[in-house]
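A.B. asks: I would like to see how this sequence folds:
(2 chains)
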Amino acid sequence: MNVHQSLTAARPLESFSSPDSATAKVDAMVRFEGVEKTYPAYRGKPGVRALQNIDFAIPRGSITGVIGRSGAGKSSLVRLINGLEKPTTGRVEVDGRDISALSGRELRLAQRSIGMIFQHFNLLSSRTAAANIALPLEIAGWSKADIAVRVAELLDLVDIADKHDRYPSELSGGQKQRIGIARALATRPSVLLSDEATSALDPQTTRAILDLLANINRELGVTIVLITHEMSVVRQLAKEVVVIDAGDIVERGHVANIFTHPNNPIPQTFLAEVLGASLPVSLASRLQEKPVTGGQAVIRVLVRGDAGDTVVARLARELSIDVALLSARIDEIGGQRVGSLTIGVPGGDATAAQVLAYLSQHQFSAERLGYVA
Amino acid sequence: MSPELINLIIQATGESLFMVAVAALVATSFGLPIGIFLATSGKGELFAAPRINAVLGVVVNATRSTPFIILVVAIIPFTRLIAGTSIGSGAAIVPLTIAATPFIARLVEAAIREVDAGLIETASSFGATPLQIVLKVLVPEALPALLLALTLAVVSLLGYSAMVGAVGGGGLGDLGIRYGYQRFMPEMMLAVVVVLIALVQTVQTVGDYFAKRVNRRLRHR
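C.D. replies: Numbering: from 1, shown residues only, chains lettered A, B, ... in the order given. Presented below is the predicted three-dimensional model:
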């Protein structure tokens, strides 16, 4: 399938599940329709348009990543889902209900089916682990006995049953986030919103928390919306991804597709991050803009799926050139192999152009980085 | 010092403690809700009511900026209305309460505003009502700061209660003025000062102890 076409073509709302089900109607857990969010002018500061033209659906039971730079509008987007913010225009549906139209008691009831976890955990320092988890249940008016049973279940679920009576100040970051997750799940929500939930954690703890979220998604069927600026988080957990920049959705689709799509600079930045696409220093320092006699042209190829496995061999065989592998990184994103190969081909401009034409013809995205002696 | 004088000191201490205790209690029961309201009624906040907030702020500031001794005299008719008299410890409770209420309100406001706004957002995301947020989040989280604020208010009240002695308010200040100053008894003045120092020290120590006990931000091991 031609990746470029599927991503650049304007698609109807329903197509955002995966490229394979492009025509299937998505069973949406969350649906944005023509949403725009503008913060009004305040005390001399001009109004800010945080989001515009937001039209997409988050499939029920999916894990969807929302990525973008800081200030891109990610936080506004999730706060529209749980009704903490109202859209200026358009509507936001959660589980078939227009949450943007609710207020007061109705909104508060609806919010019980939407859990949220936070970057800085937002636990009450005055409450023990168990009491923190109990908070949303108290707010929902559960009885003491029911709360005790539910809290015990939740502590087990997040694997910190022994921390029942500990205060947040006595816990590590990972343990605090587990409490945050247990608290978010207390009222059995159908959607879990994660606002940079692992950004304050070290890589190992991040992995453990992401595993926990994956389990929750799998076993409880909770739809998870992950906001993050960390590519590794999306890579490990999300199948679907939405990229926003300056309030606009600039990309959306299957994770692996997004990251091999060459035209948009933002996914490319993320791709570079995940693949460590920067060249080895020894190579980068020798790189020149003009062809060098007797030297090589340096070309970077982005590969996806199985096709990438043999690309070097095929290039060498079909074009009868010696292809040097200068640097390579292959990783798994959203269950698909994605990689970046840096190759050197002998000769000047002509050979490089020939190689690029061949790659383009076979649906690889490639670019010439320069030449080395 | 003669037993009678010691008796006088004990009696005056009792009067002072009574004035301060009642004034602190009444002033807290008004000051706490006013302070919470001040902290939560700004534009875009939980009980957003910017106009009422502004008016209340002006009233609080006006009371706070009136020198206490002038307040005591100025509200004598009101004191008579409430206490039936303007002389003695009972009557002194009225100006003490009126002076302490806005003071406590501002201290409470500051303590509540110290609570991380993220916690309010968190509770809102669970569908908590504004009242639930105040009772289950803001007050418990601000409790250590509130206890310290209350301690500070009680210490200030002890000072004020000595001041009402100057206008016939009873208590330790009254004793110090009448015996220590007007009857030239420096040992009585010294005794009054020592008792006041001991009281302030005790109040502060007890306040610090409880504030620390309820502060779960620190590790308790």
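
A.B. asks: okay, B:G31: pLDDT?
C.D. replies: Looking at B:G31, its pLDDT reads 97.

A.B. asks: What about it, how many residues nearby?
C.D. replies: 27 (other Cβ atoms under 10 Å in any protein chain shown). The way it works is simple: take the backbone N, C-alpha and C, and place the C-beta from them, glycine included.

A.B. asks: separation between the nearest residue to it once chain neighbours are set aside and B:L32?
C.D. replies: Take B:G31 and drop its neighbours on the chain: the residue closest to it by Cβ to Cβ, 6 or more residues apart in numbering or on different chains is B:I104, 3.0 Å away. With distances taken as Cβ to Cβ, to the nearest Å, B:I104 is found 7 Å from B:L32.

A.B. asks: same question, A:A366
C.D. replies: In terms of Cβ to Cβ, A:A366 sits 69 Å off from B:L32.

A.B. asks: Can you get me a residue count around residue 113?
C.D. replies: No chain was given, so I picked chain A. 17.

A.B. asks: actually chain B
C.D. replies: 17.

A.B. asks: Please tell me the pLDDT value assigned to the nearest residue to it once chain neighbours are set aside.
C.D. replies: Closest residue to B:R113 in three dimensions, ignoring its sequence neighbours and counting by Cβ to Cβ, 6+ apart: B:A39, at 5.0 Å. According to the prediction, B:A39 has pLDDT 96.

A.B. asks: Kindly report the same for A:A10.
C.D. replies: 37.

A.B. asks: quick revisit: more neighbours: which of B:I104 and B:L32?
C.D. replies: Using other Cβ under 10 Å as the criterion, B:I104 and B:L32 rank with B:I104 on top: 28 against 20.

A.B. asks: From chain A, how far off is that one?
C.D. replies: Noted for B:I104: a distance of 21 Å to chain A, by Cβ to the nearest Cβ, to the nearest Å.

A.B. asks: Am I right that that residue is in contact with B:A27?
C.D. replies: Yes - shown here, B:I104 and B:A27 form a contact pair, counting by Cβ atoms under 8 Å, at 5.4 Å.

A.B. asks: How is the single nearest residue of the stretch 251-373 of chain A relative to chain B assigned, secondary-structure-wise?
C.D. replies: Relative to chain B, the nearest point of the stretch 251-373 of chain A is A:R252 (24.7 Å; Cβ to the nearest Cβ). Following DSSP: H, G, I helix; E, B strand; the rest coil, A:R252 is assigned to strand.

A.B. asks: does the residue nearest to it when sequence neighbours are not counted sit in a helix, a strand or a coil?
C.D. replies: Spatial nearest neighbour of A:R252, excluding adjacent residues (Cβ to Cβ, 6+ apart): A:V242 at 4.5 Å. With three-state DSSP as the basis, the three-state label of A:V242 is strand.

A.B. asks: From B:I69, how far out is A:V242?
C.D. replies: 66 Å.

A.B. asks: go on, A:T187?
C.D. replies: A:T187 is 56 Å from B:I69, by Cβ to Cβ.

A.B. asks: Between those two, which is the more surrounded one?
C.D. replies: A:T187 (19 against 14).

A.B. asks: can you pull the pLDDT of the more buried one?
C.D. replies: For A:T187, the pLDDT comes out at 95.

A.B. asks: Can you get me a residue count around the residue nearest to it when sequence neighbours are not counted?
C.D. replies: Nearest in space to A:T187, with sequence neighbours left out and distances taken as Cβ to Cβ, 6+ apart, is A:R112 at 4.4 Å. Other residues near A:R112 number 18, with proximity taken as other Cβ under 10 Å.

A.B. asks: Could I get the contacting residues of A:R112?
C.D. replies: A:R112 makes contact with A:P136, A:A140, A:T187, A:P189, B:F126, B:G127, according to Cβ atoms under 8 Å, 6 or more residues apart in numbering or on different chains.

A.B. asks: what packs against the longest helix along chain B?
C.D. replies: In chain B, taking DSSP state H as the definition, the longest helix is helix B:3-40. Contacts defined by 3 or more Cβ pairs under 8 Å, 6 or more residues apart in numbering or on different chains; DSSP states H and E place helix B:3-40 against helix B:50-65, helix B:89-113, helix B:139-163, helix B:171-175, helix B:186-214.

A.B. asks: does the residue of chain B found nearest chain A sit in a helix or strand, and which one?
C.D. replies: Here chain B gets closest to chain A at one residue, B:G127, 3.5 Å apart by Cβ to the nearest Cβ. B:G127 belongs to no helix or strand when assigned by DSSP states H and E.

A.B. asks: Would you agree it is in contact with A:E138?
C.D. replies: No - in this structure, B:G127 is not within contact of A:E138 by Cβ under 8 Å, at 11.6 Å.

A.B. asks: Show me what from chain B comes close to chain A.
C.D. replies: B:116, B:118-119, B:121-129, B:132, B:136-137, B:140-141, B:143, B:214, B:216-220 (Cβ under 8 Å from any Cβ of the partner chain).

A.B. asks: So among those residues, which ones count as buried?
C.D. replies: Buried members of the residues of chain B next to chain A, scored by 16 or more other Cβ atoms under 10 Å in any protein chain shown, are B:119, B:121-129, B:132, B:136-137, B:140-141, B:143, B:216.

A.B. asks: Now whichever residue of the stretch 151-300 of chain A sits closest to chain B: closest residue in space that isn't a chain neighbour?
C.D. replies: Nearest residue of the stretch 151-300 of chain A to chain B: A:Y167, at 4.4 Å (Cβ to the nearest Cβ). Computed as Cβ to Cβ, 6+ apart, the closest residue to A:Y167 that is not its neighbour in sequence is B:R216, at 4.4 Å.

A.B. asks: And A:T293, by the same measure?
C.D. replies: A:G348 (7.7 Å).

A.B. asks: Now for that neighbour, how many residues are close by?
C.D. replies: Neighbour tally, A:G348, other Cβ under 10 Å: 17.
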